[in-house]
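K.L.:
pasted the sequence and its predicted model underneath.
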Amino acid sequence: MGVVPEDGDERLTAEDLGGPLGERATLVHFSSAFCAPCRATRRVLGEVAGMVDGVRHVEVDAEARLELVRRLRVTGTPTVLVLDARGAIVRRARGLPRRADVIAALGAAV
């Protein structure tokens, strides 16, 4: 997983995600039904969100949310966005994440 810093201009809201943002940060995971690495990504992000207070994991079905996929320029699954408490995108990564990389990326958000 290559983690890329974002400029923080793009923000997501609870309405965009279909639920509340995390108190400190949100891990947004774009997935699709036939994506094998997406299942492992779900597990890793769920574990990290469970370990860090105030962090929420939200999975978005890329096929069902094409308008959001296009708006955010998501080109494949799994894609993970790390949001700060205000919903600003601070990191973006594509591919199966390693737990240590997710935890490090959260450091930029909290």
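P.N.:
Received, thanks.

K.L.:
now the residue nearest the centre of the chain, nearest residue through space, not along the chain?
P.N.:
Centroid-nearest residue in the chain: V28, 2.3 Å away (criterion: CA atoms, centre = their mean). Counting by CB to CB, 6 or more residues apart in numbering, L81 is the residue found nearest to V28 once chain neighbours are left out, at 4.2 Å. C-beta: built from backbone N, CA, C; applies to glycine.

K.L.:
looking at it, that neighbour is touching I89, isn't it?
P.N.:
Yes: with contacts defined as CB atoms under 8 Å, L81 counts as touching I89 at a distance of 5.2 Å.

K.L.:
picking up where we left off before, for the residue nearest to V28, give the beta-bridge partners.
P.N.:
V28, R92 (DSSP bridges).

K.L.:
quick one: neighbours of it, just the number.
P.N.:
22 (other CB atoms under 10 Å).

K.L.:
look at it and report its pLDDT.
P.N.:
On pLDDT, L81 comes in at 97.
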